[in-house]
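>>> Have a look; sequence and predicted model below, questions after that.
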Number of protein chains: 2
Amino acid sequence: MSVFDLIKRRRSIRKYKETIVEQEKLNAVLEAARLAPSADNKQPWVFIVVTDPHVKKLLRSSYEEEWFIKAPVIIVGCAAPKEAWSRIDGEEYWKVDVAIAMQNLVLAATELGLGTCWIADFDEKAAKEVLRIPEDVRVVAMTPLGYQDQEKGLVTRRKPFNTIVRHDKW
Amino acid sequence: MSVFDLIKRRRSIRKYKETIVEQEKLNAVLEAARLAPSADNKQPWVFIVVTDPHVKKLLRSSYEEEWFIKAPVIIVGCAAPKEAWSRIDGEEYWKVDVAIAMQNLVLAATELGLGTCWIADFDEKAAKEVLRIPEDVRVVAMTPLGYQDQEKGLVTRRKPFNTIVRHDKW
């Protein structure tokens, strides 16, 4: 499928089948993340793959939606700011780096027929406690991963093209 | 081409042909950005498309590399933090939002045979001045866009898989 089709088909999936995700597919989406570009090629990321039912249940302390832990896999995208590049003016890029890698993962999942859902509205402290993530590491985003159990059409509700594109100046 | 191939083929291109980028292709990559997901679907982004030679020259004040302004197009990814979602703990997600949209654009460009190069090491104040970007808007990243004038192989130099993937805990 072309990347244009993948971009249109990717939707926030909030209902998953119990079907296990094949190891080969799981590795493929993580590989898509691994190959992402990052500022100064620092790759300041770690992806925690949660499949243990006990750990998933504990993760509800960070994100309370029941559908979330029903997905067979949850992927937690972490950044190590100390390993990341930052600009001379102090601007940090670890959020950008992990976001690029996660979007690679999400599009790769779509290609393989797997659903995902970008999640940002979690309790970071709770997630770090459950997953024993070091103090100086940050959780940027999470996504469930699995076969979707709902039908969704193509992506909708975006601002009109001419409101987000400008030419040669603001 | 599959997204896996696009991810492997995307390289940081620092040499461009003068060939004009077709309007249809330019629109297609911007459309790929437009359709990206964002926290709470806020879409807090604007993409400035720079093609005016005079403006490109002025942009050298923000990024001094000669090859940069030789590309027929420069796309400047901006965020409006005031329009963006942020978490209850105050964590901001506009960098993540714009990064997702830019990665869509970059992969779409690869699909269309166009080169790009994520740029973060710019002088933001200078770029804002040249492009008359409002005070409260941020520049997250830029990329040149055009037909590449150098041969590059597949993506290289990434950390080994087993160092960036963990299971059920850090």
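Alright, I've got the coordinates. These figures come from a predicted structure and were not determined experimentally.

>>> Select the longest strand from chain A.
For chain A, the longest strand by residue count, based on DSSP state E, is strand A:138-146.

>>> Please name every helix or strand in contact with it.
Judged by 3 or more Cβ pairs under 8 Å, 6 or more residues apart in numbering or on different chains; DSSP states H and E, strand A:138-146 is in contact with helix A:66-70, strand A:73-79, helix A:94-111, strand A:115-116, helix A:124-130. For every residue, glycine as well, the C-beta is placed using N, CA and C.

>>> in its sheet, what does the second one sit against?
Partner strands for strand A:73-79, per DSSP bridges, with pairing direction: strand A:45-50 (antiparallel), strand A:138-146 (antiparallel).

>>> Find the closest residue to chain B in chain A.
Across chain A, the shortest distance to chain B (Cβ to the nearest Cβ) belongs to A:Ala99, at 3.7 Å.

>>> Next up, the contacts around that residue.
By Cβ atoms under 8 Å, 6 or more residues apart in numbering or on different chains, the residues touching A:Ala99 are A:140-141, B:95-97, B:99-100, B:103.

>>> Now do the contacts for the residue nearest to A:Glu18 when sequence neighbours are not counted.
Spatial nearest neighbour of A:Glu18, excluding adjacent residues (Cβ to Cβ, 6 or more residues apart in numbering or on different chains): A:Pro72 at 6.6 Å. Applying Cβ under 8 Å, 6+ apart, we find A:Pro72 in contact with A:16, A:18-21, A:51, A:145-146.

>>> Same check on A:Glu65?
Contacts of A:Glu65 (Cβ under 8 Å, 6+ apart): A:Arg14.

>>> Surely A:Phe4 touches B:Ala108?
Yes. The criterion here is Cβ atoms under 8 Å, and A:Phe4 meets it with B:Ala108 at 6.4 Å.

>>> Same drill for those two, tell me which one is more crowded.
Remark: of A:Phe4 and B:Ala108, B:Ala108 carries more neighbours, 25 against 18, as counted by other Cβ atoms under 10 Å in any protein chain shown.

>>> I figured the more buried one was touching B:Val29, is that so?
Yes. With contact defined as Cβ under 8 Å, B:Ala108 and B:Val29 form a contacting pair (4.5 Å).

>>> tell me, what's touching A:Phe4 and B:Ala108 both at once?
What both A:Phe4 and B:Ala108 touch, as defined by Cβ under 8 Å, 6+ apart, is the set B:28, B:31-32.

>>> Closest one to B:Arg9 out of those, please.
Lowest distance from B:Arg9 to those (Cβ to Cβ) belongs to B:Ala32, with 15.8 Å.

>>> Using the three-state scheme, assign the closest one.
Under DSSP: H, G, I helix; E, B strand; the rest coil, the three-state class of B:Ala32 is helix.

>>> what's around it, how many residues?
B:Ala32, neighbours per other Cβ under 10 Å, totals 25.

>>> excluding its backbone neighbours, what's nearest it?
Leaving aside its chain neighbours, B:Ala32 sits nearest to B:Ala108 (3.6 Å; criterion: Cβ to Cβ, 6+ apart).

>>> State the distance from that neighbour to B:Arg10.
Counting by Cβ to Cβ, to the nearest Å, the gap from B:Ala108 to B:Arg10 is 10 Å.

>>> Equivalent analysis for A:Glu91, please.
Using Cβ to Cβ, we find A:Glu91 at a distance of 23 Å from B:Arg10.
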